[in-house]
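Participant: What shape does this take:
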Amino acid sequence: MIAKKPLVSIIITYFDKKKYIKKTFNSIFDQTYKNYELIFVYDDPNKDDLQLIKELLKRFKKKKLILNNKNLGVAKSRNLALRACSGAFVAFIDADDIWKKNKLTNQINFMINKFSDLSFTSYGIIDEKNKLLGVRKVTVDANYKKIYRSNFIGLSTVIINRKKIKKFKFPNLNTQEDFALWLTLLRKGYSLNHLNSVLSYWRKTENSLSSNNLQKITDAFKLYYSIENKNFIFSIYSVLVLSYYKLKNNILN
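Facilitator: Numbering: from 1, shown residues only. Take a look at the predicted model:
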């Protein structure tokens, strides 16, 4: 067990997730690990849900609410949240995902024992009615070659050690922004360690099933071509391979 539990900053960005946000909040509030702060970014120009969010936040002792005047997207919103973080560790959860109650306890202990820079875990896949559809197991640590063609790191499973990775930010992409960050950190030599346990649940909804396929393809090309500095032909090839694995995973799950 940890003698002195470090503060964990939990980042959530919000856009039109009223149907699921209460379950997400409950899964955070029920954590066995209690030394955390909640950094909530309201990124929806429609403020109809704001009063609900403020009411739900009242349960949390340590929290910060950031209001965007216009929709900035997840990358810019998370970067705003990172500036407001005080924790030694940063955890991420999407506004429709769920954590198991021992998520932070198990993962923080794992990271401290392993001297990990960043960790990620296996995760379950649930539908809009919380039915379990499948599990995505992670069995190996991430390296650049392994995740370049298929990103197997779920954002809501990730915790970053800020004492080791002091400066980082999400690239300005509408999608694939987390994938781009993992590749950047791997290129810089940081360790991305896996924990095989299922500690999170990713919600598969109609909106998550490629209603913005063109945007995802465009951002994937930007990732490979502009951020990873690959040539044009290899970037196109990489997008095709990434799309294949995305489609394969959706079919299997």
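
Participant: where does the most centrally placed residue in the chain fall, phi/psi-wise?
Facilitator: The residue lying closest to the centre of the chain (CA atoms, centre = their mean) is residue 155, at 2.2 Å. Main-chain dihedrals, residue 155, degrees, to the nearest 10: phi -50, psi -40.

Participant: measure it to residue 120 for me?
Facilitator: 9 Å (CB to CB, to the nearest Å). The way it works is simple: take the backbone N, C-alpha and C, and place the C-beta from them, glycine included.

Participant: again, but for residue 62
Facilitator: 24 Å.

Participant: Now the longest strand along the chain: buried residues?
Facilitator: Ordering each strand of the chain by length in residues (DSSP state E) puts strand 192-203 first. Neighbour counts over strand 192-203 (16 or more other CB atoms under 10 Å) mark 192, 193, 194, 195, 197, 198, 199, 200, 201, 202, 203 as buried.

Participant: ok, the first one touching residue 141?
Facilitator: Yes: the pair residue 192 and residue 141 qualifies as a contact (CB atoms under 8 Å) at a distance of 6.1 Å.

Participant: Okay, and the residue lying closest to residue 147 once chain neighbours are set aside sits in which element?
Facilitator: Using CB to CB, 6 or more residues apart in numbering and skipping the chain neighbours, the partner closest in space to residue 147 is residue 182 (6.2 Å). Assigned by DSSP states H and E, residue 182 belongs to helix 177-187.

Participant: and the angle for that helix with strand 192-203?
Facilitator: Comparing the axes of helix 177-187 and strand 192-203 via axes from the mean of the first three to the mean of the last three CA atoms, to 10 degrees yields an angle of 170 degrees.

Participant: Who is residue 67 paired with across the strands?
Facilitator: Note on residue 67: beta-bridge partners by DSSP bridges are residue 42.

Participant: all strands of the stretch 1-150 of the chain, in order?
Facilitator: For the stretch 1-150 of the chain, the strands defined by DSSP state E, counting those that start in this stretch occupy 8-14, 36-42, 63-67, 89-92, 98-99, 118-126, 132-136.

Participant: actually the stretch 151-253 of the chain, not the one I typed
Facilitator: All strands of the stretch 151-253 of the chain, identified by DSSP E, counting those that start in this stretch, fall at 159-161, 192-203.

Participant: Okay, and the beta partners of residue 90?
Facilitator: Beta-bridge pairing for residue 90 (DSSP bridges): residue 9, residue 160.

Participant: Might you report the residue contacts of it?
Facilitator: By CB atoms under 8 Å, 6 or more residues apart in numbering, the contact set of residue 90 is 8, 9, 10, 11, 82, 159, 160, 162.

Participant: coming back round to it: looking at the buried residues of strand 192-203, spot the one nearest residue 55.
Facilitator: residue 203 (22.0 Å; CB to CB).

Participant: Dig out what the closest one forms beta bridges with.
Facilitator: Taking DSSP bridges as the rule, residue 203 bridges to residue 126.

Participant: Quick check, it in contact with residue 98.
Facilitator: Yes: between residue 203 and residue 98 there is a contact under CB under 8 Å: 7.4 Å.

Participant: and residue 78, how far is that from residue 178?
Facilitator: 9 Å.

Participant: Which one of these two is surrounded by more residues?
Facilitator: Each of residue 78 and residue 178 has its neighbours counted (other CB atoms under 10 Å); residue 78 has more, 24 against 21.

Participant: how close does the more buried one get to residue 155?
Facilitator: Taking CB to CB, one finds residue 78 at 9 Å from residue 155.

Participant: can you check residue 232 too?
Facilitator: Taking CB to CB as the measure, residue 232 falls 29 Å from residue 155.

Participant: follow-up on the earlier one: overlap in contacts, residue 78 and residue 178.
Facilitator: Both residue 78 and residue 178 are in contact with 92, 170, where contact means CB under 8 Å, 6+ apart.
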